[in-house]
Every structure is written in C-alpha cells, then in structure tokens.
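Undergrad: give me a model of this one.
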Amino acid sequence: MPQYNSVTPEILAELEKVVPGRVAVGADVNPDYARDEMPIYGTRMPEAAVDVLTTEEVAGIMKVCYEHNVPVTTRGAGTGLVGGCTPIHGGVVLCTMRMNKILNYDLENFAVTVQPGVLLQQLADDALTHGCMYPPDPGEKMATLGGNVATNAGGMRAVKYGCTRDYVKAMTVVLPTGEVAHFGATVSKTSSGYSLTNLLCGSEGTLGIITELTLKLIPAPKATISLMVPFEDLDACTSTVPKITREGFKPQALEFFEKEILVSSEEYLGKQTFPKQIDGTEIGAYLLITFDGDSQDELDALVERAAEFLLEQGALDVLVADTAPKMKDVWAARSSFLEGIEEQTKLLDECDVVVPVNQISAYVRFVADTKQNYDFEVKYFGHAGDGNLHIYTCSNTMEEAEFRKQVDAFMSDIYQKTMELGGQISGEHGIGMGKAKYLKEALGETSIRLMKGIKQVFDPKMILNPGKVCDIQ
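TA: Below is the predicted model of the structure:
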C-alpha cells in the first residue's frame with residue numbers, strides 16, 4: 001500500500017497559486033465531495049478540494065500533488081453508484097464541473113468538442129438544434145460527459161447505437177505526473193498502435209484526467225415512437241426480448257421492469273402513466289420499446305408489424321405513445337426508477353450485471369429464487385435489449401451490519417451466476433471501490449495483474465483515484 005502525504009499549509013499555498021480563490025479546506029469543502037450517490041460504500045472528506053477551469057490548471061494541480069505524493073480523486077456531478085469518486089485516502093478532490101463549455105461543432109465530420117463538465121442533457125438538447133443526435137443515453141441525464149466516458153456509460157439506446165465508448169473520437173488527458181496527452185483523432189478508423197482512447201474509456205479516473213473530448217454525432221432521426229407493452233408475468237416479458245431481435249426489429253431502446261418498481265417511480269413522480277390491469281388481468285411486468293426512423297409512415301408500418309408480433313408472444317396489449325408529451329411521460333416514469341427507490345429506502349445497494357440477451361429470463365428466475373434466502377427486498381429492471389440488468393437490494397428494517405453481510409453473500413451468489421452464463425459483473429456503472437472485490441473474483445489473477453501493470457505505467461506513484469477498480473490488495 002503506498003504511503004501518502006497529508007495536505008500541508010505549504011502544499012495548499014502551491015495549489016492556490018495554480019487556481020487562485022478556488023481551493024477549499026475544512027468546513028468550506030462541499031460535503032457531497034465525500035461520496036457519490038451510493039453512500040453504503042462509505043464516505044471520506046478530502047483534505048482539500050479544487051475547482052478547475054482549464055487543462056493547464058489540471059496539469060498544474062497534478063504536478064504539485066505528484067511531487068508531494070498527495071492522492072487526487074477527480075469528480076464531476078458525483079452521480080456514480082459504486083463509490084468511484086469517494087476520496088477514500090483523503091487528499092485532494094479535483095472537480096471538473098466548471099469546465100462545462102461546448103467548444104465547437106464540426107458538422108462536416110459529425111463531431112462535437114466539449115469540456116468534461118458538460119452535462120449529458122445539455123449536449124443532447126444542444127445537438128438537436130444542429131440537426132444531430134448524441135446517441136448515448138444513460139439514465140442519469142444530469143451526469144457529466146467526463147463521468148460518462150470515465151465509466152463507459154451505456155444507457156437505454158445502447159441496444160441500437162452502442163455505448164459511450166463508441167462515440168469517443170479523441171480526448172485530451174492530464175496524466176498523474178501533470179503531463180498533457182492527446183489521444184485519438186476525428187477519423188472513422190485507425191490501426192495506429194494501441195488504442196489509448198479506448199483504454200481511458202471506462203478507466204474510472206484511475207489512469208488520467210479527461211479535460212477535453214471530441215465526440216461523434218449522428219443525424220437526428222426524423223420520427224420516434226414508443227410502445228408500452230404489458231405482460232401478465234415477468235417470465236413471459238423477458239422471454240420475448242431475444243425474439244424481438246431475431247424477428248429483425250431494431251429498437252432504439254428496449255427496457256423491461258416489474259410492476260412494483262413502476263409503482264415506486266410513479267409515486268415518486270406523483271403521476272400514473274402505465275395501466276395496472278388489462279381487461280381484468282393484473283399486469284406483472286412491462287416492456288418499454290422505442291423505435292426511430294426516417295419518416296412517420298415508416299414507423300407506423302413498423303409498429304403495426306411489431307404490435308402483431310408482441311400480441312402473439314403473450315402481451316396483454318400494445319399501447320402507443322406517439323406524441324412528444326406521451327413519450328415524455330412514459331420515459332419519465334422509467335428514468336425515475338432509482339430516485340423512487342432512493343426516496344423510499346433507508347439501506348440500499350445495487351449491481352448492474354450484463355448477460356447474453358438470450359439468458360435474461362434464466363438469470364431473472366435465478367435472482368427471484370435466490371432472493372428468497374435473504375431478509376431484504378430485491379427490485380430489478382434493465383436494458384433488456386443488451387442484457388444489462390439493474391438489481392437493487394433494499395431494506396427499511398435491517399441493521400446496517402446485517403444488511404451489509406447478507407448483501408455481500410447475495411452479490412457473490414448472483415455474480416457467480418453471471419459468470420456461469422457468460423456475462424460480466426458491470427455493464428455500465430463501473431467497479432469503483434464497491435465492486436472491486438467481486439471483479440477480482442470474477443476475472444481472476446491474470447487479468448487483475450495485467451490491469452495493475454497498466455495502472456503502474458500510467459500512475460507510478462498510485463496517486464490518482466487510489467483504491468478503485470484493480471487497485472486492491
């Protein structure tokens with residue numbers, strides 16, 4: 001374990017020279033900087049926090065901290081769910097939220113250059129004004145793009161358009177030493193050595209600090225439509241998912257969820273959007289499907305064919321949201337699942353496993369059987385189109401120590417099943433510190449050794465976001 005130094009008054013004075021008036025200590029440090037959105041993994045206040053505005057400032061901060069062996073944890077909006085931006089060794093928190101400018105569009109090459117503090121929703125809305133779409137669509141729209149890239153966030157539209165990594169053309173990165181590097185280019189393909197751009201995507205702030213991004217755009221679809229598809233039970237619902245792909249349908253998004261988690265979300269929003277019964281039959285689960293295309297006529301024909309197919313698979317009905325307000329309402333309910341759970345739950349943990357699409361139904365059945373052995377509630381939903389499932393353990397009655405103990409056993413059970421089915425332990429949230437133990441168990445010594453070797457090359461003093469991903473003992 002590296003031995004880190006404390007932030008002394010002399011070091012604070014050096015930091016202040018780099019970012020005058022933007023170094024906070026003691027009670028002036030934002031308490032949110034002690035954790036991300038999943039406090040079950042613990043909190044730790046940094047000794048100092050700095051707000052940066054430029055690549056040069058980030059480089060200056062890192063040179064000071066590297067020289068004095070002070071750990072640095074980078075954060076954006078702090079919307080992560082695995083303790084990824086928790087400064088577990090104290091030191092300095094470096095916040096990029098004020099680096100929030102959309103710098104320029106290159107519409108001839110369908111690219112945009114942004115700073116890392118730009119919010120996902122900010123770019124999504126702005127790109128539309130240029131006739132473009134930024135396809136990655138993680139559920140947390142107030143997350144920063146830097147954080148999205150650092151975790152290779154996926155989201156709802158990954159089934160058709162891929163994950164964040166697929167849209168990163170180039171980046172500017174400050175290394176732990178304070179060196180500034182530029183990876184990638186605005187080109188369609190490359191075979192020019194190791195892909196350092198791809199390596200930084202999903203590295204969770206352990207290898208470098210992203211200070212500028214060039215992202216791929218696509219022409220915005222001319223028409224979009226969503227379908228609410230209720231089923232009597234979850235098994236019938238999830239069993240339909242791989243058949244949708246086999247039939248040649250290409251949804252922009254394909255989500256599944258149980259009625260219970262929908263009710264939590266609608267209570268949080270104070271608005272009911274989805275039916276709970278169809279002709280006297282209780283609904284147990286839903287698919288939420290979005291299609292996009294070049295014209296409304298094209299989509300109308302597609303929806304007619306899809307509706308016929310879904311009814312043949314046992315859907316109780318196919319309800320169409322074909323106006324902007326309707327689509328906004330149905331997707332607001334889906335996007336508020338986590339907020340609804342958080343509001344109604346005292347103790348909470350989660351995982352976001354990913355399994356082959358044709359194994360979703362078997363995996364969900366396994367989770368449903370396994371949860372019977374534990375005292376907490378289990379709620380789940382997911383990106384059915386790409387096999388990424390979100391599983392939440394929730395309790396309002398258990399003691400925290402017992403909750404943690406039981407959750408650890410439960411997670412070990414379901415992660416083992418994930419690997420048996422050919423899956424991975426995280427599809428989009430990352431590893432952080434909360435899942436590092438399980439990553440080691442899942443990947444084995446060889447993979448962890450290679451990851452640690454990469455970390456050592458980028459960060460010889462191990463000062464950048466220490467204790468995360470593969471930096472485990």
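
Undergrad: make it CA atoms for all contacts and neighbour counts henceforth
TA: Will do.

Undergrad: ok, and what's touching the helix or strand of the chain with the lowest mean pLDDT?
TA: Lowest on mean pLDDT, DSSP states H and E among the helices and strands of the chain sits helix 324-335, with a mean of 86. Identification of contacts with helix 324-335 by CA atoms under 8 Å, 6 or more residues apart in numbering yields Gly139, Glu140, Ile225, Ser226, Leu262, Ser265, Glu266, Leu269, Thr273, Phe274, Ala321.

Undergrad: could you report the distance from the third one to Gly423?
TA: Distance of Ile225 to Gly423, given as CA to CA, to the nearest Å: 31 Å.

Undergrad: again, but for the last one
TA: Taking CA to CA as the measure, Ala321 and Gly423 are separated by 33 Å.

Undergrad: so where's the protein uncertain?
TA: 473 (pLDDT under 70).

Undergrad: what's across from Glu377 in the sheet?
TA: Under the criterion DSSP bridges, Glu377 forms beta bridges with Cys394.

Undergrad: any idea how far whichever helix in the chain runs longest is from the chain center?
TA: Scanning the chain for the helix with the most residues, using DSSP state H, yields helix 400-420. On the basis of CA atoms, centre = their mean, to the nearest Å, helix 400-420 sits 21 Å off its chain's mean C-alpha point.

Undergrad: for that helix, name the packing helices and strands.
TA: When contacts are defined as 3 or more CA pairs under 8 Å, 6 or more residues apart in numbering; DSSP states H and E, helix 400-420 packs onto strand 347-351, helix 360-370, helix 436-443.

Undergrad: what angle sits between that helix and helix 360-370?
TA: Interaxial angle, helix 400-420 versus helix 360-370 (axes from the mean of the first three to the mean of the last three CA atoms, to 10 degrees): 150 degrees.

Undergrad: got the buried residues for helix 400-420?
TA: Neighbour counts over helix 400-420 (16 or more other CA atoms under 10 Å) mark 403-404, 406-407, 410-412, 414-419 as buried.

Undergrad: cool, stretch 207-223 as well?
TA: For stretch 207-223, by 16+ other CA under 10 Å, it's 207-218, 220.

Undergrad: can you check stretch 292-308 too?
TA: Neighbour-count burial for stretch 292-308 flags Asp292, Gly293, Leu299, Leu302, Val303, Ala306, Ala307 (criterion: 16+ other CA under 10 Å).

Undergrad: excluding sequence neighbours, find me the nearest residue to Asp459.
TA: In space, and not counting its chain neighbours, Asp459 is closest to Pro176: 5.7 Å by CA to CA, 6 or more residues apart in numbering.

Undergrad: mind putting the buried residues of helix 400-420 into JSON lines with distance to Ser195?
TA: Output for those, formatted as JSON lines (distance: CA to CA, whole Å):
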{"residue": "Phe403", "distance to Ser195": "41"}
{"residue": "Arg404", "distance to Ser195": "39"}
{"residue": "Gln406", "distance to Ser195": "40"}
{"residue": "Val407", "distance to Ser195": "37"}
{"residue": "Phe410", "distance to Ser195": "36"}
{"residue": "Met411", "distance to Ser195": "33"}
{"residue": "Ser412", "distance to Ser195": "33"}
{"residue": "Ile414", "distance to Ser195": "32"}
{"residue": "Tyr415", "distance to Ser195": "29"}
{"residue": "Gln416", "distance to Ser195": "31"}
{"residue": "Lys417", "distance to Ser195": "32"}
{"residue": "Thr418", "distance to Ser195": "28"}
{"residue": "Met419", "distance to Ser195": "27"}
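
Undergrad: closest to Ser395 out of these?
TA: Phe403 (7.8 Å; CA to CA).

Undergrad: show me where the stretch 151-300 of the chain has helices.
TA: All helices of the stretch 151-300 of the chain, identified by DSSP state H, counting those that start in this stretch, fall at 158-161, 196-200, 234-246, 259-269, 296-312.

Undergrad: what packs against the second one?
TA: Spelled out, that is helix 196-200. strand 168-174, strand 180-184.

Undergrad: which of those strands sits most buried?
TA: Ranked by mean neighbour count, these are led by strand 168-174 with a mean of 23 (mean count of other CA atoms under 10 Å).

Undergrad: run me through the strand neighbours of that strand, direction for each.
TA: Checking strand 168-174 against DSSP bridges gives partners strand 180-184 (antiparallel), strand 209-216 (antiparallel).

Undergrad: CA atoms of it as CSV?
TA: The C-alpha coordinates for strand 168-174 follow below in CSV (Å, rounded to 0.1, in the frame of the first residue of the first chain):
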residue,chain,number,x,y,z
VAL,A,168,-15.4,9.0,-28.3
LYS,A,169,-13.2,10.2,-31.2
ALA,A,170,-10.4,11.9,-29.3
MET,A,171,-9.6,13.3,-25.9
THR,A,172,-7.1,15.5,-24.0
VAL,A,173,-5.9,13.9,-20.8
VAL,A,174,-3.7,15.1,-18.0
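
Undergrad: my read: Gly155 touches Asn148, true?
TA: No - the criterion here is CA atoms under 8 Å, and Gly155 misses it with Asn148 at 10.1 Å.

Undergrad: more crowded one of these two?
TA: In this view Gly155 and Asn148 are compared by other CA atoms under 10 Å, and Asn148 has more residues nearby, 29 against 24.

Undergrad: so the more buried one makes contact with Thr164?
TA: Yes - counting by CA under 8 Å, Asn148 does reach Thr164; the two are 6.9 Å apart.

Undergrad: what about stretch 451-465, how long is it end to end?
TA: Note: stretch 451-465 ends 15 Å apart using CA to CA.

Undergrad: sorry, back to before: pick the most buried one from the helices and strands packed on helix 400-420.
TA: strand 347-351 (a mean of 22).

Undergrad: tell me the strands beside that one, with direction?
TA: strand 388-395 (antiparallel).

Undergrad: for the strand it pairs with, which outside residues touch it?
TA: Applying CA under 8 Å, 6+ apart, the set of residues contacting strand 388-395 is 345-355, 376-383, 403, 407, 427.

Undergrad: residues near Val378, how many?
TA: 19.

Undergrad: give me the neighbour count for the spatially closest residue to it that is not a sequence neighbour.
TA: Residue nearest to Val378 in three dimensions, not counting chain neighbours: Thr393, with 4.7 Å by CA to CA, 6+ apart. For Thr393, the neighbour count with other CA under 10 Å is 24.

Undergrad: now Met156
TA: 27.

Undergrad: cool, Tyr374 as well?
TA: 14.

Undergrad: re the thing from before, next, format the helices and strands packed on helix 400-420 as TSV and append distance to Phe458.
TA: Formatted as TSV, these follow (distance: least, CA to CA, whole Å):
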stretch	distance to Phe458
strand 347-351	28
helix 360-370	37
helix 436-443	19
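
Undergrad: with respect to Val19, which of these lies nearest?
TA: Here helix 436-443 is closest among the helices and strands packed on helix 400-420 (CA to CA), at 33.2 Å.
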